[in-house]
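S.K.: Using only what follows, build the 3D model:
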Amino acid sequence: QAVNGHGLEARATTGVTVLGPAEPPIAKLEGFHRQHVLLKAADGDVLAELLTGAAGDAIAKLKGASAVVDVDPQAML
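M.R.: Numbering: from 1, shown residues only. Now for the predicted structure:
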C-alpha cells in the first residue's frame with residue numbers, strides 16, 4: 001500500500017493540498033528507495049494534526065517505511 005491518493009489524500013482535511021508522491025532526483029540513497037510528498041496548508045496546526053494522526057497511521061502500516069518531516073524545505077533532494 002502506497003501513501004498516495006488512497007492513503008494520504010483520503011485522510012487530508014480541508015485546506016491541505018497533497019502533491020506527490022514523486023520520485024526525487026536521488027531516488028535511491030544508501031540502499032533505501034525514496035519518495036517525496038509535499039503537504040501544503042496555511043495553518044501549521046492542521047498539518048501537525050494530519051501527520052500525528054491519520055498520515056502517521058498510514059505510514060506506520062507500510063512495512064519498513066519511515067517519514068522525515070522538513071518544515072519550509074529549501075531544497076528537495
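S.K.: Which parts of the chain are strands?
M.R.: Listed in chain order, the strands found in the chain under DSSP state E are 17-22, 28-29, 32-33, 36-40.
S.K.: Including mean pLDDT, distance to Gly53 and mean neighbour count, could these go into JSON lines?
M.R.: Where you see a C-beta, it was placed from the backbone N, CA and C, and this is true even at glycine. Rendered in JSON lines, the data for these read as follows (pLDDT from 0 to 100; distance: least, C-beta to C-beta, whole Å; neighbours: other C-beta atoms under 10 Å):
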{"stretch": "strand 17-22", "mean pLDDT": "84", "distance to Gly53": "15", "mean neighbour count": "14"}
{"stretch": "strand 28-29", "mean pLDDT": "90", "distance to Gly53": "28", "mean neighbour count": "10"}
{"stretch": "strand 32-33", "mean pLDDT": "86", "distance to Gly53": "25", "mean neighbour count": "10"}
{"stretch": "strand 36-40", "mean pLDDT": "85", "distance to Gly53": "13", "mean neighbour count": "14"}
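S.K.: wait, which of those is closest to Gly64?
M.R.: In this view, the strands of the chain are compared for proximity to Gly64 by C-beta to C-beta, and strand 32-33 is the closest at 8.9 Å.
S.K.: tell me the contacts of the closest residue to Gly56 other than its chain neighbours?
M.R.: Distance criterion C-beta to C-beta, 6 or more residues apart in numbering; nearest residue to Gly56, sequence neighbours excluded, is Ala67 at 7.9 Å. For Ala67, the contacting residues are 51, 55-56, 59, by C-beta atoms under 8 Å, 6 or more residues apart in numbering.
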